[in-house]
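Q: Sequence plus predicted model, see below.
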Amino acid sequence: MALLSHRPQPGAPVLRILSVFMIGLAMAGCVPRSRPIAPPPTPEVQPDAQRPNGRLPADETRNRVAVLVPLSGPNAGLGQSLLNAANLALLDTGGQRIRITAYDTARGAGAAANEAIADGNGLFLGPLLAEDVRAVATIARAEEIPVIAFSNDVSVAGNGVYVIGVDPAQSIDRVVAFAVSRGLRRFGGLTPTGTYGQRAGQALTAAVEGANGTLVGMQSYARTAAEMRAAAGRLNAAGRYDAVLVADGAQIALQLATTVRQASPQPRLFGTELWASESNLGTGTGLRGAWFAAPSDANFGAFRTRYRARYNAAPFRLASLGYDAVLLTVRIAADWPIARRFPARALRESTGFAGVDGAFRFGRDGVAERALEVREIGATGTTVVSPAPRGFE
């Protein structure tokens, strides 16, 4: 059986597999068909003092896969949720050729990567933060170990690093194309200062140009009430808009919406993939009618139910990345000879993969291309107004 072990840390118990279940997914092929599976043995993990040379014992029947996530510090909750989801995917698929071990990047991403290499891991899932990905990538590249990062920062992709997070540029491109299909042609943008806002502005410019629309104006802002009101006011004064992008979280967008909606005629608001992680979007009236593009939620409900039943807690929305990363690993593991290098070429399979977040595939640049849906915010939640494609041509 595939095993998941947690590299022991002070106060951190070893995770054990207790049950097996197949999650229903919309697309076949990524998850093996259900079959009876014998209960797994206890993970072969001993305290450091009882290990030969302080390392994990050699494994001659499974390939080792490292999950590099923060398990302490301010991002520990998200890191643990990603790890739990990876464990759940292992349970659900019953993968027999891989063993997963977790390493805490909050104690030093480079140190975690070196420890994982010393333990014989041939594939890295994670890290989460872009700066950690950069630290790990150099170390992994020297050993020809692929990295499937949970980040959405495309600047870290390439040369052995695959970014499985949702690229904000793809989200913006999808919703702009949808808006143009609905007859909206004149666009504006409000972007926060900083790297995310800068990239969102560049993505909006490219998306509008690609859709043969017109970018009337764009304003950036610092996240203070006065700065946001001023930026939205300047945008309103610059011209007439059919739609305005607010490239920020929904709570910030709600504050900006008050001023943007004073324009006449009132423009349609739209946001980015950030809104998919937030609940109660329609509680206030400010964002009702707004659009955003994100991975489909069609499979997330079943995943959330399975996760809650096992861990007695709700998963972070991003936890699906941990689940899907293990799904594709299990799929490829059938062609991964034991103790040989991971067949990274298989990650660029043109037909792509399917998981909790729908269809995705990695391009030559190492960025996950995703099939995204467009949702509209209403008083009781969101409604899909343009479904995600089921696959790629």
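A: Happy to help now that I have it. Residues are numbered from 1 along each chain as shown.
Q: Relative to residue 269, how far out is residue 288?
A: 9 Å (CB to CB, to the nearest Å). In this view, the C-beta of every residue, glycine as well, is placed from N, C-alpha and C.
Q: the more surrounded of these two?
A: residue 269 (25 against 15; other CB atoms under 10 Å).
Q: right, and that one touches residue 248 too?
A: No - assessed by CB atoms under 8 Å, residue 269 is found out of contact with residue 248, at 11.4 Å.
Q: so what sits against both of the two?
A: Counting by CB atoms under 8 Å, 6 or more residues apart in numbering, residue 269 and residue 248 have no shared contacts at all.
Q: Residue 384: helix or strand, and which one exactly?
A: Using DSSP states H and E, residue 384 falls within strand 381-386.
Q: quick one: strands adjacent to that strand?
A: Here strand 381-386 is paired, per DSSP bridges, with strand 372-378 (antiparallel).
Q: Alpha carbons of the partner strand, as CSV, please.
A: Coordinates of the C-alpha atoms in strand 372-378 are reproduced here as CSV (Å, rounded to 0.1, in the frame of the first residue of the first chain):
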residue,chain,number,x,y,z
LEU,A,372,-12.3,27.8,-15.5
GLU,A,373,-16.0,28.6,-15.0
VAL,A,374,-17.5,32.1,-14.7
ARG,A,375,-19.7,32.8,-11.7
GLU,A,376,-22.1,35.6,-10.9
ILE,A,377,-22.7,36.7,-7.3
GLY,A,378,-26.2,36.8,-6.0
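Q: How far off centre is it?
A: Put simply, strand 372-378 sits 18 Å off its chain's centre (CA atoms, centre = their mean, to the nearest Å).
Q: ok, residues contacting that strand?
A: For strand 372-378, the surrounding residues in contact (CB under 8 Å, 6+ apart) are 166, 170-171, 174-175, 178, 273, 275-276, 281-282, 287-297, 358, 382-388.
Q: residues of that strand that come out buried?
A: Neighbour counts over strand 372-378 (16 or more other CB atoms under 10 Å) mark 372-377 as buried.
Q: returning to that earlier point: from the middle of its chain, how far away would the strand holding residue 384 be?
A: On the basis of CA atoms, centre = their mean, strand 381-386 sits 20 Å off its chain's mean C-alpha point.
Q: tell me which residues in it are buried?
A: Going by neighbour count (16+ other CB under 10 Å), the buried part of strand 381-386 is 382, 386.
Q: So what touches it?
A: 178, 281-282, 291, 296, 373-376.
Q: Residue 263: which of these is nearest?
A: residue 291 (17.2 Å; CB to CB).
Q: Next, that closest one: phi, psi?
A: phi -120, psi 150 (degrees, to the nearest 10).
Q: That one bridge partners, please.
A: For residue 291, the beta-bridge partners are residue 270, residue 376 (DSSP bridges).
Q: Isn't it up against residue 272?
A: No - applying CB under 8 Å as the test, residue 291 and residue 272 come out as separate, 10.7 Å apart.
Q: Which stretches in the stretch 251-393 of the chain count as strands?
A: Here the stretch 251-393 of the chain has its strands, by DSSP state E, counting those that start in this stretch, at 268-270, 291-295, 353-355, 358-362, 368-370, 372-378, 381-386.
Q: Kindly point out the strands partnered with the fifth one and how each is oriented relative to it.
A: So the one you mean is strand 368-370. Taking DSSP bridges as the criterion, strand 368-370 pairs within the sheet with strand 358-362 (antiparallel).
Q: how near is residue 94 to residue 326?
A: 12 Å.
Q: which one of those two has more residues nearby?
A: The neighbour count for residue 94 versus residue 326, taken as other CB under 10 Å, is higher for residue 326 (30 against 21).
Q: Might you report the residue contacts of that one?
A: 65, 85-86, 89-90, 93, 95, 100, 125.
Q: One more pass at 10 Å, please.
A: Shown in contact with residue 326 (CB atoms under 10 Å, 6 or more residues apart in numbering): 2, 4, 65, 67, 85-93, 95, 98, 100, 125, 148, 333, 355.
Q: try residue 166
A: Applying CB under 10 Å, 6+ apart to residue 166 gives the contacts 152, 272-274, 276-277, 293-295, 318, 321, 357, 360, 368, 370, 372.
Q: pLDDT wise, what is residue 76 at?
A: If you check residue 76, the pLDDT there is 97.
Q: ok, now how distant is it from residue 133?
A: On the measure of CB to CB, residue 76 and residue 133 end up 18 Å apart.
Q: Show me which of the two is the more surrounded one.
A: Legend: neighbour count by other CB under 10 Å for residue 76 and residue 133, higher for residue 133 (26 against 14).
Q: before we move on, back to that, out of the contacts of strand 372-378, which end up buried?
A: For the contacts of strand 372-378, burial is judged from neighbour counts taken by 16+ other CB under 10 Å, and it is met by 166, 170-171, 174-175, 178, 273, 275-276, 281-282, 287, 290-297, 358, 382, 386, 388.
Q: Of the contacts of residue 166, which pair is most distant in space?
A: Farthest pair in the contacts of residue 166, by CB to CB: 274 and 360, 18.3 Å.
Q: Dump the longest helix along the chain to CSV, restricted to CA.
A: For the chain, the helix that runs over the most residues, judged by DSSP state H, is helix 76-93. Extracted C-alpha coordinates of helix 76-93, given in CSV (Å, rounded to 0.1, in the frame of the first residue of the first chain):
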residue,chain,number,x,y,z
ALA,A,76,0.5,26.2,9.5
GLY,A,77,-3.3,25.9,9.1
LEU,A,78,-3.2,26.1,5.4
GLY,A,79,-0.1,23.8,5.2
GLN,A,80,-1.8,21.2,7.4
SER,A,81,-5.0,21.4,5.2
LEU,A,82,-2.9,20.8,2.1
LEU,A,83,-1.2,17.8,3.8
ASN,A,84,-4.5,16.4,5.0
ALA,A,85,-5.8,16.6,1.4
ALA,A,86,-2.8,14.9,0.1
ASN,A,87,-3.3,12.1,2.6
LEU,A,88,-7.0,11.9,1.7
ALA,A,89,-6.1,11.5,-2.0
LEU,A,90,-3.8,8.7,-1.1
LEU,A,91,-6.6,7.0,0.8
ASP,A,92,-9.1,7.5,-2.0
THR,A,93,-6.9,6.1,-4.8
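Q: No further questions, thank you.
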